[in-house]
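>>> Let me see the structure of the following:
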Amino acid sequence: MNNRLFILVLTIVFSALHIVSCKAEDKKDQPAQPEEVRKVPLGDPFILTWQGKYYAYGTLSPNGIAVYVSDDLQTWSVPAGAENGLALNKTDSWADRWFWAPEVYAVHGKFYMYYSADEHICVATSDSPIGPFRQEVQKPMLETEKSIDNSLFIDDDGTPYLFWVRFNDGNNVWVAQLEKNLTDIKSGSFHPCIHVSQPWEEVWPRVNEGPFVIKRNGVYFMTYSANSYESQMYGIGVATATNINGPWIKYENNPILQKPGNLVGVGHHAIFTDKEGKLRIVFHAHNSVTKIHPRQMYIGTVKFEKQNGKEVMTIDKNYITPKLK
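Numbers count the residues shown, from 1 in each chain. You can find the predicted model right below:
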């Protein structure tokens with residue numbers, strides 16, 4: 001090889017190496033792209049605290065009720081043993097569509113899941129919080145009418161009650177006593193609780209739904225959602241009573257949570273106690289300001305403060321955004 005050709009080859013090689021080096025440096029200097037956060041895609045969420053772990057259930061799958069597990073409320077995953085990510089499969093339930101709004105309670109060594117299927121209230125049981133939950137008798141709790149959003153409350157004396165939503169005045173909330181088996185509604189014990197009655201609830205259409213009841217210092221606090229879940233003005237209100245059958249009095253400054261931060265369509269919630277003893281609330285919001293589904297799960301904090309000599313429930317406007325592993 002003559003000298004001219006040799007010099008030309010060296011020039012080309014060094015030029016190529018310089019270009020590669022510059023590109024590598026350019027990449028190194030570029031800011032790292034933020035990792036995409038995968039939120040927990042649950043509507044109508046419920047969280048059970050059990051033996052050092054959190055279990056989240058909600059509306060998601062056409063095939064049943066989904067379940068996720070977490071150690072810290074921040075990061076969630078599908079638990080091992082939950083086939084296809086489901087705590088309840090539609091093959092183990094009455095109806096084969098519209099599996100909504102589950103709540104799971106541990107009572108006397110057994111887990112009870114209250115949920116809606118095909119706009120009827122149902123209950124299934126399991127020996128594990130991840131399921132499989134099954135209906136021993138595949139039928140709704142009320143066979144003669146459509147209804148949704150059934151929620152268990154056990155009073156201080158051990159008496160079990162069921163709150164749920166009937167369709168006889170838009171969506172409105174009723175209560176009834178349960179038999180000791182926690183699956184059958186006691187005949188003749190139905191009582192109306194709340195219906196649409198405040199201006200903030202009248203955006204569209206007539207909806208009071210998603211009741212959840214706790215008791216504090218002898219007072220029952222019922223949180224509920226109002227307006228259509230499709231509305232950005234979906235929100236959470238609270239009513240109180242000193243008798244579980246009512247009368248229920250709505251807080252005059254409702255809603256106690258509506259459009260916090262940049263969230264819209266906020267509601268259908270449940271209250272739980274975390275591992276540190278703090279009272280929490282889990283709720284869903286729309287996917288974005290332009291898209292409803294899949295709805296996503298968020299977690300806030302419930303507080304009580306004195307107003308005019310009475311305890312008033314409030315919800316902190318700050319919230320956790322759980323993510324999937």
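>>> There's contact between Phe221 and Ile236 in this structure, I believe.
No - with contacts counted by Cβ atoms under 8 Å, Phe221 stays clear of Ile236, the gap being 11.8 Å. From N, CA and C alone the C-beta is placed, and that goes for glycine too.
>>> who has more neighbours, the two?
Per other Cβ atoms under 10 Å, whichever of Phe221 and Ile236 has more neighbours is Ile236, with 24 against 21.
>>> Quick check: which element contains that one?
In the assignment (DSSP states H and E), Ile236 maps to strand 235-241.
>>> Mind giving me the packing neighbours of that strand?
strand 219-226, strand 249-250, strand 267-273 (3 or more Cβ pairs under 8 Å, 6 or more residues apart in numbering; DSSP states H and E).
>>> angle of the last one against strand 235-241?
Using axes from the mean of the first three to the mean of the last three Cα atoms, to 10 degrees, the direction of strand 267-273 lies 60 degrees away from that of strand 235-241.
>>> At the geometric centre of this structure, which residue do we find?
With the centre of the chain defined as its mean C-alpha position, the nearest residue by Cα atoms, centre = their mean is Pro45, 1.3 Å away.
>>> Identify the bridge partners of the residue nearest to that one when sequence neighbours are not counted.
Among residues not flanking Pro45 along the chain, Gly58 sits closest, at 4.1 Å (Cβ to Cβ, 6 or more residues apart in numbering). Judged by DSSP bridges, the bridge partners of Gly58 are Ala66.
>>> so Gly58 sits right up against Gly43, yeah?
Yes - judged on Cβ under 8 Å, Gly58 makes contact with Gly43 at a distance of 5.7 Å.
>>> Of these two, which one has the most company?
Between Gly58 and Gly43, counted using other Cβ under 10 Å, Gly58 has the larger neighbour count: 28 against 23.
>>> What separation do you get for the more buried one and Val238?
Separation of Gly58 from Val238 (Cβ to Cβ, to the nearest Å) stands at 22 Å.
>>> coming back round to it: find the one among the helices and strands packed on strand 235-241 with the highest mean neighbour count.
When the helices and strands packed on strand 235-241 are scored by mean count of other Cβ atoms under 10 Å, the highest mean neighbour count falls to strand 219-226 (a mean of 25).
>>> Mind listing residues that contact that one?
163, 173, 193-194, 196, 198, 200-201, 207-215, 234-244, 248, 255-256, 267-269, 271, 281, 311, 313 (Cβ atoms under 8 Å, 6 or more residues apart in numbering).
>>> and Thr91, which of the helices and strands packed on strand 235-241 is closest to it?
Ranking the helices and strands packed on strand 235-241 by proximity to Thr91 (Cβ to Cβ) places strand 267-273 first, at 25.7 Å.
>>> mind checking how far the closest one is from the chain centre?
Remark: strand 267-273 is offset 7 Å from the chain centroid, using Cα atoms, centre = their mean, to the nearest Å.
>>> I'd like the distance from stretch 133-141 to the chain centre, please.
22 Å.
>>> Give me the buried positions along it.
Within stretch 133-141, the residues that qualify as buried are Phe133, Gln135, Pro140, Met141, counting by 16 or more other Cβ atoms under 10 Å.
>>> Leu263: which of those residues is nearest?
The closest of these to Leu263 turns out to be Phe133 (Cβ to Cβ; 30.0 Å).
>>> so what's that closest one up against?
Phe133 neighbours (Cβ under 8 Å, 6+ apart): Ile65, Ala87, Leu88, Asp92, Phe111, Met113, Ala124, Thr125, Ser126.
>>> Mark which of those are buried, thanks.
Among these, those buried by neighbour count (16+ other Cβ under 10 Å) are Ile65, Ala87, Leu88, Asp92, Phe111, Met113, Ala124, Thr125, Ser126.
>>> what about the helix or strand harbouring the second one, distance to the chain center?
This points to Ala87. Using DSSP H and E, Ala87 sits in strand 86-89. Remark: strand 86-89 is offset 16 Å from the chain centroid, using Cα atoms, centre = their mean.
>>> what's next to it, contact-wise?
Here strand 86-89 makes contact (Cβ under 8 Å, 6+ apart) with 57, 61, 63-67, 83, 99, 102, 104, 113, 115, 124, 126, 129-134.
>>> repeat that with 10 Å
With Cβ atoms under 10 Å, 6 or more residues apart in numbering as the test, strand 86-89 has contacts from 55, 57, 60-61, 63-68, 78-79, 82-83, 92, 99, 102, 104, 111, 113, 115, 117, 122, 124, 126, 128-135.
>>> Out of the residues you listed, which end up buried?
Buried, going by 16+ other Cβ under 10 Å: 55, 57, 60-61, 63-68, 78-79, 82, 92, 99, 102, 104, 111, 113, 115, 117, 122, 124, 126, 129-133, 135, out of the contacts of strand 86-89.
>>> what's the distance between the residue nearest to Gly265 when sequence neighbours are not counted and Asp157?
The shortest distance from Gly265 to any non-neighbouring residue, by Cβ to Cβ, 6+ apart, is to His286 (3.5 Å). According to Cβ to Cβ, His286 stands 40 Å off from Asp157.
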